[in-house]
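S.K.: Here is my input; please provide its structure:
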Amino acid sequence: MWAYFFLAGMITATWASRIPAVKSQAGLDDGALSVALLGLAVGALAAMQVAGRLSDRFGSGAVMPVAAVLGCLSLAGPGHAASLPALFAALFAVGAGHGLIDVPMNVHAARVERGYGRPVMAGFHAAFSIGGFAGAGAGALAARAGLGAAATFWITALALLVLALAARGPLLPGRDHAEAPAASAPPRGRRPRSPRPSPRIVCYGLAALCAFLAEGSALDWSSVYLHDDLGASPALAAAAFSVFSAMMAAGRLAGDRLSARFGPVAVVRTGGLLAAAGLGAGLLVPTPPVALAGFAVLGLGLSCIVPQVFTATVRHDPGRAGRNLGFVAGVAYVGLLSGPVVIGAIAHLAGLAVGLAVPAVLALAVGAGATVLRPAGERGGPGEAPRRPPAPTP
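M.R.: Below you'll find the model as predicted:
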């Protein structure tokens, strides 16, 4: 399972690391590139809904290897795009590949977690972050060596294709909700469940949207804030997202132990408050060292929110795990993709510091509403770890 999270992170980061080369190859300006990038978003959002239904019907273990093969091969497309329409289509395929991988791998991770009877989701998401580091590093090395974007993408795609095929053996067979408690099915005589997401699933989607919006803001605006607003050197400004990513990976590596000890409510509540405090400090004390530390704390605070939300989504209704997770992930990606644009618009009107206050407030809201992650019918204080029945190790 780790291999698929690593693979997904590496595909995304490898593409991102060679954007300047692809932009130049296709002869695009910034405006045209932003249009092409919409293909990435549209492809991901559309594929997530399809992936959810496929996972519910055939099982995530059957869908994931096929999705990973398609995702790996899609990476090669942008390297051959020589115009805006060609790049839009290529990025639509990359986004669709990512969406097809994202949903079944998270559904399967939740199934593995249920089998172990203890939290493991954050560790899987740490593998995604590590894959991002590896992809960015591979792209940087390829650029330094004078390797073209097409060659970079093909080498990475083929290497990851081998990994995807080699990692399919340990996947759990069968449909994911076959292990779910019988109580999850609707009682006899009652109307079947509505195809629409339940209010709780909508809340999970909003929480994931807030977390992804804050993450996208750090990706697009952290270095700009340090360099343009605070006068940091280009090297120091570039380090902002690096420390954010490093602390996010570190937090996810520790997240499963924290969740097992304190429960998801306490982890998400503390994470939201920590993220808001870190970013808030960086905005209230406008100096490069404090801002750099603030983005690091933001990454640490956000690190375990999405893994806990995804786990809660799958656990809420195992029979609809794929569709529910497709909805939540789709809403989350709306925040990731649109949030930086909104912050840019606010920055144009009132300054970047005011725009960056938005994700700080949303992180605070996620922390305040963390009780929605407590399973229905479970009692206990916010710091009480969830009681899960023992289950055999898969």
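
S.K.: Check what pLDDT Arg387 gets.
M.R.: Note on Arg387: pLDDT of 43.

S.K.: got it, and Leu87?
M.R.: Leu87 is given a pLDDT of 93.

S.K.: wouldn't it be in contact with Gly27 here?
M.R.: No - with contact defined as C-beta atoms under 8 Å, Leu87 does not reach Gly27; the gap is 10.1 Å. No exception for glycine: its C-beta is placed from N, CA and C like everyone else's.

S.K.: between these two, who's got more neighbours?
M.R.: Comparing Leu87 with Gly27 by neighbour count (other C-beta atoms under 10 Å), the higher total belongs to Leu87, at 26 against 10.

S.K.: Could you chop the protein up by domain?
M.R.: Per the record, the chain has its domains at 2-176, 199-373, by automatic domain parsing.

S.K.: Can you give the distance of the last one from its chain's centre?
M.R.: I take that to be domain 199-373. 11 Å (C-alpha atoms, centre = their mean, to the nearest Å).

S.K.: residues contacting Ala276?
M.R.: 301, 360-361, 363-364, 367 (C-beta atoms under 8 Å, 6 or more residues apart in numbering).

S.K.: Take those and keep only those in strands.
M.R.: In strands, judged by DSSP state E, none of the contacts of Ala276 are found.

S.K.: Out of these, the closest to Gly278 would be?
M.R.: Taking C-beta to C-beta as the measure, Gly278 lies nearest Gly301 of the contacts of Ala276, at 6.0 Å.

S.K.: What sits closest to that closest one if chain neighbours are left out?
M.R.: Ranked by C-beta to C-beta, 6 or more residues apart in numbering and with sequence neighbours excluded, the top spatial neighbour of Gly301 is Ala275, at 2.9 Å.

S.K.: can you check Ala321 too?
M.R.: Val314 is the one closest to Ala321 (C-beta to C-beta, 6+ apart), at 4.4 Å.

S.K.: Hmm, Arg323 and that neighbour touching each other?
M.R.: No - using C-beta under 8 Å, Val314 makes no contact with Arg323, being 10.8 Å away.

S.K.: pretty sure Ala166 is touching Leu7, no?
M.R.: No - applying C-beta under 8 Å as the test, Ala166 and Leu7 come out as separate, 10.8 Å apart.

S.K.: from memory Gly9 sits against Gly137, does it?
M.R.: No - assessed by C-beta under 8 Å, Gly9 is found out of contact with Gly137, at 11.8 Å.

S.K.: related to what we said a few turns ago, show me the two of the contacts of Ala276 that sit farthest apart.
M.R.: Greatest spacing in those, by C-beta to C-beta: Gly301 and Val361 (13.5 Å).

S.K.: Between the two, point out the one with more neighbours.
M.R.: More neighbours surround Gly301 than the other of Gly301 and Val361, with 28 against 13 (other C-beta under 10 Å).

S.K.: for the stretch 51-200 of the chain, which spans come out with low pLDDT?
M.R.: Applying pLDDT under 70 to the stretch 51-200 of the chain picks out residues 176-195.

S.K.: mind redoing it with 90?
M.R.: 51-61, 98-99, 102-104, 106-147, 167-198 (pLDDT under 90).

S.K.: and the closest residue to Phe327 other than its chain neighbours, what does it touch?
M.R.: Leaving aside its sequence neighbours, Phe327 sits nearest to Pro197 (C-beta to C-beta, 6+ apart; 5.0 Å). By C-beta under 8 Å, 6+ apart, Pro197 lies in contact with 205, 324, 327.

S.K.: and of those residues, the nearest to Ser222?
M.R.: Taking C-beta to C-beta as the measure, Ser222 lies nearest Gly205 of the contacts of Pro197, at 25.1 Å.

S.K.: Relative to Gly137, how far out is Leu70?
M.R.: Taking C-beta to C-beta, to the nearest Å as the measure, Leu70 falls 25 Å from Gly137.

S.K.: repeat for Thr14
M.R.: On the measure of C-beta to C-beta, Thr14 and Gly137 end up 10 Å apart.

S.K.: neighbours of Arg261, just the number please.
M.R.: Arg261 has 12 nearby residues by other C-beta under 10 Å.

S.K.: what ranges do the helices span in the stretch 151-300 of the chain?
M.R.: Applying DSSP state H, counting those that start in this stretch to the stretch 151-300 of the chain gives helices spanning 199-224, 234-262, 264-284, 288-302.

S.K.: Thanks a lot, see you next time.
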